[in-house]
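*Asks:* quick one: sequence plus predicted model below, questions after.
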Amino acid sequence: MTKFLRTAWTLTALTVTSLVLVPSAAKAVDVDKLVPTDVETLASVQFKQILEAPILKKFGVDGLLRLAVESNDEAQKIIKATGIDPFRDLDSLTIGTSGNPEKGIKAIMILRGKFDPEKITKTVEEKAKENGTELKKIKEGGYDIWTAAAQGQEVFIAFVEKNAIVASTIKEQVVTALKGGRSDEFAGIMKSSLSKLTGKELFWSVTLITEEARKQMSAQEQFKDIGENLEAITMSLGLTDVAKLTMTGYTKDDKTPGKIKALITDQGIPFAKLMSSTDPKNGKKVSTVLDALKISTKEKEIGISLSVSEDDIRKFINPGE
């Protein structure tokens, strides 16, 4: 858990230096009600919709994934023991975090789907015993909550009826989820950032730029002004007949977007092309992707969008054709 959170924090920091933008949408995304409103990063992925995406079906990705799972003995054992069919029973995964590795991270994960609590509990308890992991069950407010140590950090886990599994580093977050979830609404920058998403994205994320992130950026002269004025970043992935990756950066003023665009076009992209040119096998592919990035600015927004068609993917896989 800790390793995952540190990786997520690192990716968040790196994201700041490679912003991507798309036009704003009219309808806000519907955030899982079990997520608390004090999160600073929020991400969600829709499993079933991804498997049904037309562009992935054209390349047989769904079939390849099924074949990989069906041919894996360990995976089949877990499926049989837990009763979870990953292609049928899993709906979505939502993760929210706040804080940082140095000062401590609060994290919550909600896995939505169709579950058999008894089967899953039995399997987890057996695996914990095999691995020497201490797993305890406690009662809190009349609810059953399991606790376990993950790399020195305590994690609390519970079933919310039979359609959700919630895990958090904070016991109170799990208890709130068991009682029905948040009673308040998102506010401020998180609310306005969520309003830019349509709810149709197969993957989306929102990252608020915290004071800690500002300090890290301010440590480098070229990012100082950007760090002081950048407020949030949203990212999304759409899969229809094309794959569309988008990210939007929101700033306090209308001058910072231009500064970020100049940094990306004048330094970021040329440097990336230079570095990739040393790789004779993949250098040209990387350069092609970089040339396809669409950078734009609009008032207090900055970013790039990347659309990839079926033909683009085929050319990328087989550049000689």
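*Replies:* Perfect, I can see it now. Numbering: from 1, shown residues only.

*Asks:* from now on I want contacts and neighbour counts done on CA atoms only, so please keep to that.
*Replies:* OK.

*Asks:* if we ignore the residues flanking it in sequence, what's nearest residue 218?
*Replies:* Nearest residue to residue 218, sequence neighbours excluded (C-alpha to C-alpha, 6 or more residues apart in numbering): residue 224, at 4.0 Å.

*Asks:* is that neighbour in a helix, a strand, or coil?
*Replies:* Put simply, residue 224 is helix when judged by DSSP: H, G, I helix; E, B strand; the rest coil.

*Asks:* that one touches residue 256, doesn't it?
*Replies:* No: in this structure, residue 224 is not within contact of residue 256 by C-alpha atoms under 8 Å, at 10.8 Å.

*Asks:* what about residue 32, how many neighbours?
*Replies:* 16 (other C-alpha atoms under 10 Å).

*Asks:* distance-wise, check the residue nearest the centre of the chain relative to residue 296.
*Replies:* Taking C-alpha atoms, centre = their mean, the centroid of the chain lies closest to residue 43, which sits 4.1 Å from it. Residue 43 sits 24 Å away from residue 296, going by C-alpha to C-alpha, to the nearest Å.

*Asks:* quick one: contacts of the helix or strand where residue 80 lies?
*Replies:* Counting by DSSP states H and E, the element that carries residue 80 is helix 73-82. Contact partners of helix 73-82, identified using C-alpha atoms under 8 Å, 6 or more residues apart in numbering, comprise 69-70, 85-86, 116, 119-120, 123.

*Asks:* and that helix, what's its mean pLDDT?
*Replies:* Helix 73-82 comes out with an average pLDDT of 90.

*Asks:* now that helix: buried residues?
*Replies:* Neighbour-count burial for helix 73-82, counted by 16 or more other C-alpha atoms under 10 Å, picks out 79, 82.

*Asks:* what's the helix or strand for residue 129?
*Replies:* Assigned by DSSP H and E, residue 129 falls within helix 117-131.

*Asks:* mind checking which of residue 224 and residue 256 has more residues around it?
*Replies:* Under the neighbour definition other C-alpha under 10 Å, residue 224 and residue 256 were set side by side, and residue 256 has more, 23 against 15.

*Asks:* I'd assumed residue 226 was in contact with that one.
*Replies:* Yes: taking C-alpha under 8 Å as the definition, residue 256 is a contact partner of residue 226 at 6.2 Å.

*Asks:* which residue ranges of the chain form strands?
*Replies:* 41-46, 90-100, 104-113, 135-140, 143-150, 153-160, 164-168, 203-208, 230-239, 242-251, 294-298, 301-309 (DSSP state E).

*Asks:* hmm, who's touching the third one?
*Replies:* Read it as strand 104-113. Residues outside strand 104-113 that contact it (C-alpha under 8 Å, 6+ apart): 5, 34-35, 89-99, 162-170, 173.
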